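Peer 1: any chance you can model this:
(chains A and B)
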Amino acid sequence: MKLAAWNVNSLKVRLPQLLDFLATRAPDAVCLQETKLTDDNFPLAGIAAAGYSAVFAGQKTYNGVAILSRAGALDVSVGIPGFADEQKRVIAATVEGIRLVCVYCPNGQSLDSDKYPYKLAWFDALTAWLKDELTRYPKLALLGDYNIAPEDRDVHDPAAWVGSVLVSDAERARFHALLDLGLQDSFRLFEQPEKTFSWWDYRMMAFRRNMGLRIDHILLSTPLAQSCVSSTVDREMRKLERPSDHAPVVAEIGLIAQ
DNA sequence: ATGGCGCCACATTGGCGA
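Peer 2: Numbering: from 1, shown residues only, chains lettered A, B, ... in the order given. Okay, the predicted model is just below:
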């Protein structure tokens, strides 16, 4: 089962690239972030014609998440229960017996912004909820844009990023709290090329210079991690005309031992 | 080096992303 996560930075603009991605990579499920459109504008027809069903939670201008899947999505839930939030950042569904949790985690803006404590509180709520979810759904994958580079090796120039969001100790502690639930970073289950990133600034020719961060992740619960056969970043989508600033991340799950 | 690029909206500039 091939799982992907992609921050498309506007589904309206990126729909042709998404359809190309579905046709050429043939994922079983894709978690989208930053769809940036309301539910009445979701491009269901094109996605259905590509052979995928979709569940989604959107809003105008900002945020917005969706799960596309070849098989149907069951038990859909939106948001983090008990955490009141207008921002559409979380959607979860069960696909082929696997609980997919699609997240667009807050950016935080800067360490002295009001959005930074919101980010930390949001992660605390996510972690508390997932602790409970994992008892209900032992086969669980947490996919999306985490807006956290877990380690210095996930940053093109760690010295230049000191004091910034995405790399702070408090944010990395939140990432580790997710690992402490028993989730594993699928990317690190395998030997990987150095300086593999998933996001590059549009400016400064950052992609060509590989000035990026690895902030998009697929975390897997134990049964899924044990059967994971690959986890990669699909850089090709970032090379296209008018790309998203994020590349898709992809993990493949083999047969799951019962 | 605090610029830049891209997307969005009560748009022709400002907010936001990362």
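Peer 1: give me the secondary structure label for residue A:197.
Peer 2: Classification of residue A:197 using DSSP: H, G, I helix; E, B strand; the rest coil returns coil.
Peer 1: what sits against it?
Peer 2: Going by C-beta atoms under 8 Å, 6 or more residues apart in numbering, residue A:197 touches A:154, A:156, A:210, A:212-214, A:233. For the C-beta atoms, the positions are set from N, CA and C on the backbone; glycine is no exception.
Peer 1: check what pLDDT it gets.
Peer 2: In this model, residue A:197 is scored at 98, pLDDT.
Peer 1: from DNA strand B, how far off is the residue nearest to it when sequence neighbours are not counted?
Peer 2: Excluding the flanking residues, the one nearest residue A:197 by C-beta to C-beta, 6 or more residues apart in numbering is residue A:212, at 2.9 Å. Distance from residue A:212 to DNA strand B, counting by C-beta to the nearest atom of the strand, to the nearest Å: 8 Å.
Peer 1: again with residue A:173
Peer 2: Shown here: residue A:173 relative to DNA strand B, a distance of 18 Å by C-beta to the nearest atom of the strand.
Peer 1: check residue A:94 too.
Peer 2: Residue A:94 sits 26 Å away from DNA strand B, taking C-beta to the nearest atom of the strand as the criterion.
Peer 1: who's in contact with the closest residue in space to that residue that isn't next to it in sequence?
Peer 2: Excluding its sequence neighbours, the residue lying closest to residue A:94 (C-beta to C-beta, 6+ apart) is residue A:74, at 4.4 Å. Contact analysis of residue A:74 by C-beta under 8 Å, 6+ apart lists A:93-95.
Peer 1: rewinding a little: could you give the bridge partners of the residue nearest to residue A:197?
Peer 2: Residue A:212 has the following beta-bridge partners by DSSP bridges: residue A:200.
Peer 1: thought it was touching residue A:200?
Peer 2: Yes. The pair residue A:212 and residue A:200 qualifies as a contact (C-beta atoms under 8 Å) at a distance of 4.1 Å.
Peer 1: who has more neighbours, those two?
Peer 2: Set residue A:212 next to residue A:200 and count neighbours by other C-beta atoms under 10 Å: residue A:212 wins out with 26 against 23.
Peer 1: which stretches of the stretch 1-150 of chain A form strands?
Peer 2: Counting by DSSP state E, counting those that start in this stretch, one finds strands in the stretch 1-150 of chain A at the ranges A:2-7, A:29-33, A:53-57, A:65-69, A:74-78, A:90-95, A:98-104, A:140-145.
Peer 1: so which of these is the most surrounded?
Peer 2: strand A:29-33 (a mean of 29; mean count of other C-beta atoms under 10 Å).
Peer 1: quick one: mean pLDDT for that strand?
Peer 2: Mean predicted lDDT for strand A:29-33 stands at 98.
Peer 1: restricting to C-alpha, output stretch A:162-175 in CSV.
Peer 2: Extracted C-alpha coordinates of stretch A:162-175, given in CSV (Å, rounded to 0.1, in the frame of the first residue of the first chain):
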residue,chain,number,x,y,z
VAL,A,162,19.2,28.9,14.9
GLY,A,163,16.5,31.0,16.6
SER,A,164,13.9,30.3,13.9
VAL,A,165,10.6,28.4,14.0
LEU,A,166,10.6,24.8,12.6
VAL,A,167,13.9,23.9,14.4
SER,A,168,13.5,25.2,18.0
ASP,A,169,14.1,22.8,20.9
ALA,A,170,10.4,23.1,22.0
GLU,A,171,9.2,22.1,18.6
ARG,A,172,11.6,19.2,18.3
ALA,A,173,10.5,18.1,21.8
ARG,A,174,6.9,18.0,20.4
PHE,A,175,8.1,15.9,17.5
